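Participant: this is a predicted model, with the sequence first.
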Amino acid sequence: MSSTKSDIKQYQDLLKQYLDTKDEVVLYQAEQLSKEIKQDVSPDEIIDEHYNTLLKLIPDMDSQIKDSFEFLIQTMTSYALAYKEYHELRTKQLELKAEIEVAANMQNTLLSTSIPQVDGLDIGATSIPAKLMNGDYYHFVQDDEGNVGVAIADVIGKGIPAAFFMSMIKYAMESFPENRMYPKVILELLNRVVERNVESGMFVTMFYGLYDVQRQLFYYATAGHEPGFIYRAQEDQFKEIDAKGLLLGVKKEVKYNQYVDEIHDGDLIVLLTDGVTECRSGDRFIEREEVLDVIKENKHLPAQDIVDNVYKYLERLQNFTLRDDFTLIVMKRSS
Amino acid sequence: MSSTKSDIKQYQDLLKQYLDTKDEVVLYQAEQLSKEIKQDVSPDEIIDEHYNTLLKLIPDMDSQIKDSFEFLIQTMTSYALAYKEYHELRTKQLELKAEIEVAANMQNTLLSTSIPQVDGLDIGATSIPAKLMNGDYYHFVQDDEGNVGVAIADVIGKGIPAAFFMSMIKYAMESFPENRMYPKVILELLNRVVERNVESGMFVTMFYGLYDVQRQLFYYATAGHEPGFIYRAQEDQFKEIDAKGLLLGVKKEVKYNQYVDEIHDGDLIVLLTDGVTECRSGDRFIEREEVLDVIKENKHLPAQDIVDNVYKYLERLQNFTLRDDFTLIVMKRSS
Amino acid sequence: MKGALTTVPIIKELDIVGARQSGRNLARDLGFGSVDQARIATAISELARNIYLYAGSGEISFQEVQGASPVGLKIVASDHGPGIENVSKVMEDGYSTSGGLGAGLPGVKRLMDEFDIISDDNGTKIIVVKWLR
Amino acid sequence: MKGALTTVPIIKELDIVGARQSGRNLARDLGFGSVDQARIATAISELARNIYLYAGSGEISFQEVQGASPVGLKIVASDHGPGIENVSKVMEDGYSTSGGLGAGLPGVKRLMDEFDIISDDNGTKIIVVKWLR
Ligand SMILES: [Mn+2]
Ligand SMILES: [Mn+2]
Ligand SMILES: [Mn+2]
Ligand SMILES: [Mn+2]
């Protein structure tokens, strides 16, 4: 617990100056000084310096006041200790954070997917982790005929363990053949992968969709995933995607239902994770309608802008602290 | 930044008592009090309380001293902030540690491999991480004819990112077909997987061996991995496994050499990572010969006991603090 | 002064001190003690320095408010600077806006009871409140 | 008193205060200022409380020493209690020996300049030194 004795001298000068002038500018300087010396001087040392400066200015100081400083310094010892621990903790935290950041970057690289460029289908997507590592996941594939497969998934839980588990899902999906695969088949295969690692205690919700670009049909199946929406341009309203299916990893052999919807010009397909709909602002839960309203207001924009604007809107409502990983995909048919 | 006002009242009483008695027992009580209120009361609030108590005791306090307290409190604001951050940091640190532990358990489950039971080949293996998560990896496979494939690998680096990357290798290996695959082919395939994720900046050393149980032949190839040893029972000595090959992930298309050795009755195959051979005791590096001596002393035991005894020996030499992940495999032919 | 607004323009560095002084006077009038006065002054410094350093100019305004508690001091710092690109980033500890040593916006948030920020191409507005306890 | 040894037995709780007082007097005589006196007293409290709570009885001894600096105060806390089973664990933050709120041995280590500990079935000996700067 060493201190920069030269810096602390400034304390003496400023204190004298303040006692002479009582000027706010000196308090401002004291604040700036305290920021600078904070690293090296602990609070009990500040008080000691304060006391010594006063002693020089007022040699005949009341003996009670003198004694009171001994008492104050003893009380401050605990704070000095906490203060030292604080600096050590910061160093440790930075190391750990750096390690996790490397892992998170790696995850970003590993999980990266590019958004397919398709005539007549404009796609926007974003996925933002609440902590450093993401336990949400989205993925696009495109087959030879240009049809677009889209996966959106959420590991129950967040942080490092969830992210770790999600990388497993990714490798499993990459091992699938590249030709057109229907949503129900993919979920059934993935269910087996997750179930095989059931001891990990992790479960995954996933929605898988296949957009047939020739016939403008959207096939989909869900494994307990947060329902998405289809915006019907003609009716100017959102319809919840009504699908059912068990989470991945709960049972060994699960059969998933497959659904299909026609997509018309100006319609939007909105896929999301519960981090979008269950976000909270203080004590108030944000209603799903509020999210949909923001999408509607932005529906004339390119899909990526819609997605980005919804994120910005909800980020602010949540005071810039996400409570859960946030993933949103918008697919917009425009011929 | 709220404070427990009832606790802080005790400060006043103790200070008064101290000014009356100047007794060490009161300072002792002040120390105990400060430990108790530390959670809720920040250092600037302590000083404020101190000042107010003094004001009551000495109503005609020198106005310079009064002003000096305003100045001291302003200086303490930075410390109050650091203090609040300290409490938040402690909470975060505990959360993060718990998270990493969950991920480490998951990794253990995911990377688990069972040791093949083969007539005439006794296998022992262990892998212990230096930190919470393991950047070493070993894996066994067995084909229809009972031949044993063995992989041992080390990500350059340790901790979370290394462990994360290793799970990628695992999934890549699981996606390979199950029929008999030769070491060089496996390394060439894995090299492509690692190279494809080259932005991650991670490299992997790996040794892959295939034990032909019919003909008692050991085929192997290495990707820059720490050389293992074959103990020749007839000569009663260890021979370093002399193989060469580039680390995984450095170049796009790499061809690996494949080697083969005959294994005779009583021979041992020893595979390891550099965490075994490069372990240090204080300033002294442990010689590879020392490790081999321990293996030789234990060679009459079952393979798993050999492995466990070597670990115990080196763990103690290193003062129970591993500097790198530790992985050791022993395969013992006994007809 | 309930509801009444005091505004201090921030153009040169010395205006930071002027804003502190106004804020401190108002806080004292409202009944805030020395600790809170010092904390409010520190928050004002940080907000005003940000304006001075990153937006060039702007203003800090003060208002007496009622809400969670009968008396509160609301401080609004606004500028027409370039705006903050990544607000969440700036709200992280260790990512200081005013050159390393400052408390930064997370510090301002810790010093006050309420904190809100709006930032876009048209500038930045930060609204904070301290309630009298 | 160079090299001379003062020993304070720790048997009842009040002995903790006696050990603090002896340590503080010696520290003052050696030229330590108020801050270091308070830190030394706090370290002594922690060591003496550990003896009182976990070993039942023991002693704290003080000695003037020379070394890294011309003047230092060496404090030895020893007991014949059950010993500490896992020293690495006890030296971790958050694993307090004296019931949650204490600074624990990591705190003692932070308060002093040197720290050593020997613990086995025959008891525990903790040696700490504070150097005069
Ligand atoms: Mn999740
Ligand atoms: Mn979620
Ligand atoms: Mn490694
Ligand atoms: Mn290694």
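Facilitator: That came in fine, so what should we check first? It should be emphasised that the depicted structure is a prediction, and the values quoted were computed from it without experimental measurement. Ligands and ions are numbered 1, 2, ... in the order given.

Participant: can you show me the strands along the stretch 201-335 of chain A?
Facilitator: Using DSSP state E, counting those that start in this stretch, the strands found in the stretch 201-335 of chain A span residues A:204-212, A:217-223, A:229-232, A:237-240, A:259-262, A:268-272, A:280-281, A:284-285, A:326-333.

Participant: anything in the longest helix anywhere in chain A near chain B?
Facilitator: Longest helix in chain A by number of residues (criterion: DSSP state H): helix A:63-111. Yes: Helix A:63-111 is in contact with chain B by C-beta under 8 Å from any C-beta of the partner chain, via A:64-65, A:67-68, A:70-72, A:74-79, A:82-83, A:85-86, A:89-90, A:92-93, A:96, A:99-100, A:102-103, A:105-107, A:109-110. No exception for glycine: its C-beta is placed from N, CA and C like everyone else's.

Participant: filter these down to the buried ones and hand me the PyMOL line.
Facilitator: To isolate in PyMOL the members of the residues of helix A:63-111 next to chain B that are buried, counting by 16 or more other C-beta atoms under 10 Å in any protein chain shown, one can use:
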select buried, chain A and resi 64+65+68+70+71+72+74+75+76+77+78+79+82+83+85+86+89+90+93+96+99+100+102+103+105+106+107+110
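
Participant: which residues touch the closest residue to ligand 2 within chain C?
Facilitator: Using C-beta to the ion, the point where chain C gets nearest to ligand 2 is C:S88, with a distance of 17.8 Å. By C-beta atoms under 8 Å, 6 or more residues apart in numbering or on different chains, C:S88 lies in contact with A:E315, A:F320, A:T321.

Participant: how about the first one: what's its closest non-neighbour residue?
Facilitator: Yep, that's A:E315 we're talking about. In space, and not counting its chain neighbours, A:E315 is closest to C:S88: 6.6 Å by C-beta to C-beta, 6 or more residues apart in numbering or on different chains.

Participant: is that neighbour within a helix or a strand, and which one?
Facilitator: helix C:87-90 (DSSP states H and E).

Participant: after that helix, which helix or strand is next? Please name it.
Facilitator: Once the chain leaves helix C:87-90, the next helix or strand it forms, by DSSP H and E, is helix C:104-111.

Participant: so does that next one get close to chain A?
Facilitator: No: Helix C:104-111 does not reach chain A (C-beta under 8 Å from any C-beta); its nearest approach is 9.0 Å.

Participant: now do the buried residues in stretch A:315-322.
Facilitator: Per 16+ other C-beta under 10 Å, stretch A:315-322 contains these buried residues: A:E315, A:R316, A:L317, A:Q318, A:N319, A:F320, A:L322.

Participant: may I see the buried residues of the helix or strand of chain C with the lowest mean pLDDT?
Facilitator: When the helices and strands of chain C are compared on mean pLDDT, DSSP states H and E, helix C:87-90 comes out lowest with a mean of 81. By neighbour count on 16+ other C-beta under 10 Å, the buried set for helix C:87-90 is C:V87, C:S88, C:V90.

Participant: of the contacts of C:S88, closest to D:L30?
Facilitator: Closest to D:L30 out of those is A:T321 (51.1 Å), distances taken as C-beta to C-beta.

Participant: check contacts around the closest one.
Facilitator: Contacts of A:T321 by C-beta under 8 Å, 6+ apart are C:S88, C:M91.

Participant: quick one, phi psi at it?
Facilitator: Recorded main-chain torsions at A:T321 are phi -130, psi 100, according to degrees, to the nearest 10.

Participant: show me the shaky parts of the stretch 51-200 of chain A.
Facilitator: A:175, A:177-179 (pLDDT under 70).

Participant: so who does the closest residue to chain B within it touch?
Facilitator: Nearest to chain B in the stretch 51-200 of chain A, going by C-beta to the nearest C-beta, is A:Y171, at a distance of 3.2 Å. Applying C-beta under 8 Å, 6+ apart, we find A:Y171 in contact with B:M168, B:Y171, B:A172, B:E174, B:S175.

Participant: which SS state does the residue of chain A most remote from its centre fall under?
Facilitator: Most distant residue from the mean C-alpha position of chain A: A:D60, 59.5 Å away (C-alpha atoms, centre = their mean). Counting by DSSP: H, G, I helix; E, B strand; the rest coil, the backbone at A:D60 sits in coil.

Participant: domain ranges for chain A?
Facilitator: Segmentation of chain A into domains, based on automatic domain parsing, reads A:5-103, A:111-333.

Participant: and the first one, how far from the chain's centre?
Facilitator: Domain A:5-103 has its C-alpha centroid displaced from the chain centroid by 36 Å (C-alpha atoms, centre = their mean, to the nearest Å).

Participant: got the contact list for the residue of the stretch 201-335 of chain A at minimum distance from chain B?
Facilitator: Closest residue of the stretch 201-335 of chain A to chain B, C-beta to the nearest C-beta: A:M202 (7.0 Å). The contact partners of A:M202, by C-beta under 8 Å, 6+ apart, come to A:V155, A:I156, A:G157, A:P161, A:A162, A:F165, A:V194, A:G249, B:M106.

Participant: got JSON lines for the residues you listed, with distance to B:Y51 and secondary structure too?
Facilitator: Listed next are the contacts of A:M202 as JSON lines, based on distance: C-beta to C-beta, whole Å; DSSP: H, G, I helix; E, B strand; the rest coil:
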{"residue": "A:V155", "distance to B:Y51": "53", "secondary structure": "strand"}
{"residue": "A:I156", "distance to B:Y51": "53", "secondary structure": "coil"}
{"residue": "A:G157", "distance to B:Y51": "49", "secondary structure": "coil"}
{"residue": "A:P161", "distance to B:Y51": "49", "secondary structure": "helix"}
{"residue": "A:A162", "distance to B:Y51": "50", "secondary structure": "helix"}
{"residue": "A:F165", "distance to B:Y51": "55", "secondary structure": "helix"}
{"residue": "A:V194", "distance to B:Y51": "62", "secondary structure": "helix"}
{"residue": "A:G249", "distance to B:Y51": "61", "secondary structure": "coil"}
{"residue": "B:M106", "distance to B:Y51": "54", "secondary structure": "helix"}
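
Participant: what's the distance between A:L33 and ligand 4?
Facilitator: 48 Å (C-beta to the ion, to the nearest Å).

Participant: alright, calling it a day.
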